[in-house]
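Could you work out the structure for the sequence below:
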Amino acid sequence: MPPAANAAVRVVASDMITQAAGERSAADADRATRNASIMLGLALPTDTVLYLLLPLYPEAFGVTLAEAGLLLAANRLVRIAGYGWVARAYQRRGPRAVCAVAAIGAVAASLGYALLPGDVAWLLPARLAWGLSFAAMNIAVQALPTAVSDGMARRSGRSRAIIAAGPMLGLIAGAAMAGAIGPRAVFAVLAAVALLALAFALRLPTGRGQAVRGAPRFGRPTRVDVWSFVQGMTLDGLFILGLAVLARDSIPSDAAMAAGAALALRYVAEVVLGPPGGALAERFGAARLLVLLSCASAVGLAAIGFGALWSGALAVVLLRGLIQPLAAPVVAAANPGAERVPALARLATWRDLGAGLGPLVAGVLLPLMPAAALYGAAATLLAASALALAITAASRST
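Okay, the predicted model is just below:
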């Protein structure tokens, strides 16, 4: 064969090997993402159902509404201190070992809600244990989908859909069971479900995890960090606790089922709209879509405050389903290489800070000020943070 032909064959063979390696990498990322997502989907109802039942039945847990806000905030606030430690453990031990311990922690926390004495001092350690457990699982479900750039947004969208299925079913079942067996006994059932997460944690990759060198865990916030803080405070904190309280005042006879259905719809939206949201991000740009949907969510929050409780809640949960898979690809694209996981952890830290303050704000201010003022202020903050993010994106493109 002539030398030129030999060279051509070598180039073609090299391209085929490279393509095959890329396909294997993408397939490995798909498989790891799927297992991590199922793991978190099984464990997450132990937390999301508490957001429903604790504000509705604070007396069953031996706490006031303000103390309920503290308990709902505690798991997120502890992650502000613990994310760096968890991320370093993830790097040293790898996703399998760290997530296996986290799955056991989720089971222990849920049993604590069911069995510990009804007092904030007893329940607080269970919330702290869940906070650190979620931190480990959350790093895995963000790092594994973005480990390979090919199909990153698609994997992120599918991951959110899988994860959302657990809370979606848990909220409906938890609301139904609370009336039959009591709100605290529900968490014994959820602990048994969370135990299944351990099997999927043990299927995750072994060895060291993604390196966490680079940007500081909790430093000067970027505009996307500010947006993450405001999104956590408004859509994750204030909205969820406030919905339970407003539903109790609106339809006291069926508050648990009504609020549970509304919160479950939030996860239905992630199941149904997560993959399309990832696909739209691939086509139009994740940052642009993030800004647009955040502004639309602000309108929904304002509607809740001005009396349109259920239509505003419907708008918020549907839009949030589209927003959910967008932040990680935006941050990963702006922070390649070793910067990626630290940036994702920092993003989650700011979101946790906001989502931790949200229930505290709601628990203290909802009894004291009109809903229109509280939700109007929240809507203004969310829209302003999104527009600031749009300015940053525009300056980068010019």
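
Walking through the stretch 1-150 of the chain, point out its helices one by one.
Secondary structure of the stretch 1-150 of the chain (DSSP state H, counting those that start in this stretch): helices at 3-43, 45-56, 65-115, 120-143.

Please work out which of the ones you listed is packed deepest.
Mean neighbour count (mean count of other CB atoms under 10 Å) peaks for helix 45-56 among these, with a mean of 26. C-beta here means a position set from N, CA and C on the backbone, and glycine is covered the same way.

Next, the angle from it to helix 120-143.
Angle, helix 45-56 to helix 120-143, by axes from the mean of the first three to the mean of the last three CA atoms, to 10 degrees: 140 degrees.

Mind giving me the packing neighbours of helix 45-56?
In this structure, helix 45-56 packs against helix 65-115, helix 120-143, helix 152-181, helix 186-195, helix 239-250, helix 255-284, with contacts taken as 3 or more CB pairs under 8 Å, 6 or more residues apart in numbering; DSSP states H and E.

got the CA coordinates for it in PDB?
The C-alpha trace of helix 45-56 is given here as PDB (Å, rounded to 0.1, in the frame of the first residue of the first chain):
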ATOM      1  CA  PRO A  45     -38.500  12.300  50.300                       C
ATOM      2  CA  THR A  46     -37.200  12.200  53.800                       C
ATOM      3  CA  ASP A  47     -36.500  15.900  53.500                       C
ATOM      4  CA  THR A  48     -39.200  17.200  51.100                       C
ATOM      5  CA  VAL A  49     -42.100  15.600  53.000                       C
ATOM      6  CA  LEU A  50     -40.800  17.300  56.200                       C
ATOM      7  CA  TYR A  51     -41.300  20.700  54.400                       C
ATOM      8  CA  LEU A  52     -44.900  19.700  53.900                       C
ATOM      9  CA  LEU A  53     -45.800  18.200  57.300                       C
ATOM     10  CA  LEU A  54     -43.700  20.200  59.700                       C
ATOM     11  CA  PRO A  55     -45.400  23.600  59.000                       C
ATOM     12  CA  LEU A  56     -48.800  21.900  58.900                       C
END
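
average pLDDT for the helix or strand Ala388 falls within?
According to DSSP states H and E, Ala388 maps onto helix 371-397. What helix 371-397 shows for mean pLDDT is 83.

tell me the angle it makes with helix 239-250.
Using the same axes, to 10 degrees: helix 371-397 against helix 239-250 is 160 degrees.

Check which residues of helix 371-397 are buried.
Buried residues in helix 371-397, defined by neighbour count with 16 or more other CB atoms under 10 Å: 371, 374-379, 381-383, 385-386, 388-390, 392-393.

Contacts only, for Ala328.
By CB atoms under 8 Å, 6 or more residues apart in numbering, the contact list for Ala328 reads Gln142, Pro145, Thr146, Ser156, Leu344, Leu347.

same thing but at 7 Å, please
By CB atoms under 7 Å, 6 or more residues apart in numbering, the contact set of Ala328 is Gln142, Thr146, Ser156, Leu344.

any idea how far the residue lying closest to the last one once chain neighbours are set aside is from Val49?
Translated: Leu344. Once flanking residues are discounted, Leu344 sits nearest to Gln142: 4.9 Å by CB to CB, 6 or more residues apart in numbering. Separation of Gln142 from Val49 (CB to CB, to the nearest Å): 23 Å.

go on, Val224?
On the measure of CB to CB, Val224 and Val49 end up 30 Å apart.

what's the burial count for Ala192?
Counted with other CB atoms under 10 Å, the neighbours of Ala192 add up to 11.

For it, which residues are in contact?
Taking CB under 7 Å, 6+ apart as the definition, Ala192 has no contacts.

Equivalent analysis for the one 3 residues further on, please.
Under the criterion of CB under 7 Å, 6+ apart, the contact partners of Leu195 comprise Val107.

what does Leu293 give?
Neighbour list for Leu293: Leu319, Leu322, Ile323 [criterion: CB under 7 Å, 6+ apart].
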